[in-house]
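> Quick check, what structure comes out for this input:
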Amino acid sequence: MAKRQIPVIVLAGFLGSGKTTLLNHLLSRSGGSRIGAIVNDFGSIEIDAMSVAGQVDSMVSLGNGCLCCAVDTSELDVFLDRLARPAARIDVIVIEASGLAEPQEIIRMILASDNKSIVYGGLVEVVDAAEFDATRERHPELDRHVGIADLVVLNKADRIGDEAREDLLATLAALAPGTPVVPASYGRVDPEFLFDRKPREERVEAIRQLSFEDLCTGDEDHGQDHHGHLHAGYESVEFVSDEPMHPRRLMDFLDSRPKGLYRVKGFVHFGVAGHRQKFTLHAVGDFLRFYPSPWARSEKRATRLVMIGSGIDARALRDGIEACRDTAPQETDDHSMWGVLRYAQS
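Numbers count the residues shown, from 1 in each chain. Just a heads-up that it's a prediction; the model follows:
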């Protein structure tokens, strides 16, 4: 009997679309399947990897760059070899690309892999329903990414009205004829859409493969030096603070964030009595949300943020977030948390 190959699924989508949320949902609903993950953050603080760590069966984290530029096929093979080794007993591998990666490049590397234990399992493109028009205007490449996807997840579908949702579903159907589009909220999709939750001796391949024409599309724009890639026009600003953050100052900073600052993500530590838990921060476009949760027993209480934007004044941005430190915690009371709690979801 032929050895079962491990499917490698590429999870792609533009900044803030909800890829990590979807991956975490898959991990919590795997039904016994063991998931290996390659998490590719944009920025040197690997926030996405930190969000996933502890839930995944085996993980490789690659920060400070996009996967399609940071490694070549042979280096990706090293990661895949590590996850596909028999001792790991992995059933499926998910590559979470950075929000600025080119999924076609990652697919090429998987198809060119020398590892006989893995097989390309398809491209899942996560689309932000609430920010679709703005993202499409900013990144016309979105049409091409959707067009080559094997599955499109229309995430945050609960944030738009019924009529707008139907119009968007029609648009996606036109961009990717015949490709299934799954509306979702908070990345909650049935794992069966991506992989068999109950491992079998032989996996029935239900995901179509990219054609040669699909793989060649866009070569004229990108070439081999990657200067045309989306991330070439973006930069990230990282911020770490052992001091707690002042809630009012931080909310003022977030409310007045510059237009070019498209994505903010990470963990925030407030030194306010009764609110000293970890606050996971997600901001994309006009959307802002805090998710409070307990700190792990061995986890250091600190703020770690990554801010990603285009045409931003990095120095001014860094000065602005630095000014949000709580330099006089004795003056910070429960009322100062009101602005944060407005955007908090448990």
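> quick one: the strands in the stretch 101-250 of the chain?
Using DSSP state E, counting those that start in this stretch, the strands of the stretch 101-250 of the chain run over residues 118-128, 151-155, 181-183, 235-241.
> Using PDB, write down the CA coordinates of the longest helix seen in the chain.
Longest helix in the chain, counting residues (DSSP state H): helix 162-175. C-alpha atoms of helix 162-175 as PDB (Å, rounded to 0.1, in the frame of the first residue of the first chain):
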ATOM      1  CA  ASP A 162     -27.500  40.800   3.900                       C
ATOM      2  CA  GLU A 163     -27.600  42.800   0.600                       C
ATOM      3  CA  ALA A 164     -24.000  43.700   0.700                       C
ATOM      4  CA  ARG A 165     -23.000  40.100   1.500                       C
ATOM      5  CA  GLU A 166     -25.000  38.800  -1.500                       C
ATOM      6  CA  ASP A 167     -23.300  41.400  -3.700                       C
ATOM      7  CA  LEU A 168     -19.900  40.400  -2.400                       C
ATOM      8  CA  LEU A 169     -20.600  36.700  -2.900                       C
ATOM      9  CA  ALA A 170     -21.600  37.500  -6.500                       C
ATOM     10  CA  THR A 171     -18.300  39.400  -7.000                       C
ATOM     11  CA  LEU A 172     -16.200  36.600  -5.600                       C
ATOM     12  CA  ALA A 173     -18.100  34.000  -7.800                       C
ATOM     13  CA  ALA A 174     -17.300  36.100 -10.800                       C
ATOM     14  CA  LEU A 175     -13.600  36.300  -9.800                       C
END
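> so how far is it off the chain centroid?
Here the centre of helix 162-175 is set off from its chain's centre by 23 Å, with Cα atoms, centre = their mean, to the nearest Å.
> for that helix, packing partners?
Under the contact definition 3 or more Cβ pairs under 8 Å, 6 or more residues apart in numbering; DSSP states H and E, helix 162-175 sits against helix 141-147, strand 151-155, strand 181-183. For glycine as for every other residue, the C-beta is placed from the backbone atoms N, C-alpha and C.
> May I have the strands that pair with the shortest one, each with its orientation?
If I follow you right, that is strand 181-183. Sheet pairing for strand 181-183, assigned by DSSP bridges, gives strand 151-155 (parallel).
> List every C-alpha atom in the strand it pairs with, with coordinates, as PDB.
Output in PDB follows, covering the C-alpha atoms of strand 151-155 (Å, rounded to 0.1, in the frame of the first residue of the first chain):
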ATOM      1  CA  LEU A 151     -11.400  27.700  -1.300                       C
ATOM      2  CA  VAL A 152     -12.400  31.300  -0.500                       C
ATOM      3  CA  VAL A 153     -13.300  32.100   3.100                       C
ATOM      4  CA  LEU A 154     -15.400  35.300   3.300                       C
ATOM      5  CA  ASN A 155     -14.500  36.200   6.900                       C
END
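> Run the angle between that strand and strand 118-128 for me.
Following axes from the mean of the first three to the mean of the last three Cα atoms, to 10 degrees, one obtains 30 degrees for the angle between strand 151-155 and strand 118-128.
> can you list the residues that contact strand 151-155?
Strand 151-155 has contacts (Cβ atoms under 8 Å, 6 or more residues apart in numbering) with 13, 17-18, 21-22, 122-129, 146, 165, 168-169, 172, 176, 179-187, 189, 193-194, 207.
> Make TSV out of the helices and strands packed on helix 162-175 and add mean neighbour count and mean pLDDT.
Below are those laid out as TSV (neighbours: other Cβ atoms under 10 Å; pLDDT from 0 to 100):
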stretch	mean neighbour count	mean pLDDT
helix 141-147	19	94
strand 151-155	25	93
strand 181-183	18	90
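> For Asp255, which of those is the nearest?
Smallest distance to Asp255 across those (Cβ to Cβ): 24.3 Å, for strand 151-155.
> roughly how far is the closest one from the heart of the chain?
Here strand 151-155 is found 13 Å from its chain centre; the criterion is Cα atoms, centre = their mean.
> and if you look at stretch 314-328?
Distance, stretch centre to chain centre, for stretch 314-328: 26 Å (Cα atoms, centre = their mean).
> which of the contacts of strand 151-155 are buried?
Using 16 or more other Cβ atoms under 10 Å as the burial test, those include 13, 17-18, 21-22, 122-129, 146, 165, 168-169, 172, 176, 179, 181, 183-184, 187, 189, 193-194, 207 as buried.
> Enumerate every residue touching Leu15.
With contact set as Cβ under 8 Å, 6+ apart, Leu15 has these partners: 42, 99-100, 262-263, 284, 308.
> Report the separation between it and Ala176.
21 Å (Cβ to Cβ, to the nearest Å).
> what do you get for Arg89?
Where Ala176 is concerned, Arg89 sits at a distance of 34 Å (Cβ to Cβ).
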